[in-house]
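Enquirer: The following block contains a protein sequence and its predicted model.
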Amino acid sequence: MTIFRIFALFFALTFISACSTKKGSPDISSNKVVPSTQQILYQQMEMVGFIHFSINTFTNKEWGYGDEDEQLFNPTELDVDQWVQVAKSCGIKELILTAKHHDGFCLWPSQYTDHSIKNSRYKNGNGDIVREFVDACRKHELKIGLYLSPWDRNHKDYGNQTYITYYRNQLKELLTKYGEINEIWFDGANGGDGFYGGANETRKIDNKTYYYWDGTIKLVKELQPNILIFSDSGPDIRWVGNENGSAGETFWSTINRHKISIGASDVNYLNIGEPKGSHWVIGQCDVSIRPGWFYHEAEDTLVKTPQELVDIYYKSVGRNAVFLLNLPPDKTGEIHPNDVKVLQEFKKIIDETFKVNLASNAECNADNYRLNNEMFSPDHIIDDDPESYWATDDGIKSAELIIELNDKTDFDRILIQEPIKFGQRISKFEVQIDNQNSWETVFEGTTIGYKRLIRINPVSVSKIKLKIIEANNIPAISNFGLFKSSEKKKAIL
């Protein structure tokens, strides 16, 4: 072997060795079911928003009958920029617009129906709120979502197969004329009384088969390959089975999609998921800031309090799901000042609570860390880097991490995160504090996932233990934090 080849081999081996010990590589083995990169980025947004604004805003209804006079729709001071700026200011990263609700009234000039904005007084019939909406979102760098109700109480063909063609034609309009759409929102709204082109009758459909969802989902992905689809069964994002914004105390991102169908799913199953689920489908917790989804003047004094929104945040984002908050504009076309005030205070509480990680300078130790390699060191759980993590050796599915602070510290909030790109693993854990040289359990939990936020009564200690009891693979933790709540009123535990 020549000197040149010897040196070349030496440098190659050195390079390979350096790569193998570089922080973050090589990675631990992944679970069988893991999220896509798009799903990870979606969950990292944590909060998305809904805008329910349509003819119902002007008829004071939640569900329009479908016989509304289009001329009633006339927002006098419509300010889509205000919607987007209000949403962004409270931490929302994406907005979803009700392009069409159950009454069939369309916020864009659809060529397939007269029950749309083109026959309203708004801009003398020349308006297009979907266009204004997507332009404002892009201007302020928010992701864009659209909701197109599958039920249409106005359309004469609802209940017949020709309606499915109509519905898909409207989807094509929305997904081809407005640029990139990041999320499409489907629910199982179906059948009942309606105008139906003047028939004024009740129509029933088979909610499991009528909509041919598989074909519609395929069409959506063909039109927008990067779009994420929400529905009871995903395929990308799922309902959690209620409209109060609460994921289950145990909440798996994995679920068996063959067990659920749009509009006909077991809500308890949706609210928990399944540890051995065949698909990764992110949970989305939808709730309105008001009792209703559309604006009603009588609810101006019934807006949720900042503390109620904080509680929902802990029960959604803090339980491995995404918080979807509805913000209904009023008749003028703006989000009401009462709602804005609540949102500002909510954001202030969240920001102040999680501003400083009280464990950031702690000393972290574990009873096991993988290969005794620095890239898997317990120190990574407090380095504020979502790409680094602590993990155990193969075959070790229970472990203990001890976080030792420099001094006694007051805290009442705990954050734990798994590196979910490898899958969701932990199914049982405890948080303990050192109480006079004896470990006291202050929280017993099941799942962690992308993020677990824990509320406990205030304590003042210098040593905390995270005890992982059960996992479906070797456990890994990417972030751990201790925080002190800033809420002025006593928080809901």
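Expert: Cool, the structure landed. Numbering: from 1, shown residues only.
Enquirer: Tell me how far residue 175 lies from residue 208.
Expert: Separation of residue 175 from residue 208 (Cβ to Cβ, to the nearest Å) stands at 25 Å. The way it works is simple: take the backbone N, C-alpha and C, and place the C-beta from them, glycine included.
Enquirer: who has more neighbours, those two?
Expert: Per other Cβ atoms under 10 Å, whichever of residue 175 and residue 208 has more neighbours is residue 175, with 20 against 13.
Enquirer: My assumption is that that one lies in a strand; please confirm.
Expert: No - assignment of residue 175 by DSSP: H, G, I helix; E, B strand; the rest coil gives helix, placing it outside any strand.
Enquirer: how close does it sit to residue 104?
Expert: According to Cβ to Cβ, residue 175 and residue 104 sit 19 Å apart.
Enquirer: With residue 369 instead?
Expert: For residue 369 relative to residue 104 (Cβ to Cβ), the value is 59 Å.
Enquirer: likewise residue 365?
Expert: Noted for residue 365: a distance of 62 Å to residue 104, by Cβ to Cβ.
Enquirer: who has more neighbours, those two?
Expert: residue 104 (29 against 15).
Enquirer: Run through the strands of the stretch 351-493 of the chain in chain order.
Expert: Assigned by DSSP state E, counting those that start in this stretch, the strands in the stretch 351-493 of the chain fall at 363-366, 390-391, 399-417, 426-434, 439-445, 452-471, 476-477, 479-483.
Enquirer: deepest of the ones you listed, which one?
Expert: Most buried of the strands of the stretch 351-493 of the chain by mean neighbour count (mean count of other Cβ atoms under 10 Å) is strand 390-391; its value is a mean of 28.
Enquirer: which of the residues in stretch 334-351 are buried?
Expert: 334-336, 338-340, 342-343, 345-347, 349-350 (16 or more other Cβ atoms under 10 Å).
Enquirer: okay, the residues you listed in TSV with pLDDT next?
Expert: What follows is those, written out as TSV (pLDDT from 0 to 100):
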residue	pLDDT
334	98
335	98
336	98
338	98
339	98
340	98
342	98
343	98
345	98
346	98
347	98
349	98
350	98
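Enquirer: Specify which member of these is nearest to residue 59.
Expert: Taking Cβ to Cβ as the measure, residue 59 sits nearest to residue 336 out of the buried residues of stretch 334-351, at 17.7 Å.
Enquirer: Next step: the buried residues of stretch 334-351 restricted to helices.
Expert: Per DSSP state H, helices hold the following members of the buried residues of stretch 334-351: 338, 339, 340, 342, 343, 345, 346, 347, 349, 350.
Enquirer: and of these, the nearest to residue 403?
Expert: Nearest to residue 403 among these, with distances taken as Cβ to Cβ, is residue 350, at 22.8 Å.
Enquirer: Check the contact between the closest one and residue 314; I expect there is one.
Expert: No - the pair residue 350 and residue 314 does not pass the contact test of Cβ atoms under 8 Å, sitting 9.8 Å apart.
Enquirer: confidence score at the residue nearest the centre of the chain?
Expert: Nearest residue to the geometric centre of the chain (Cα atoms, centre = their mean): residue 322, 2.3 Å. Predicted confidence (pLDDT) for residue 322: 98.
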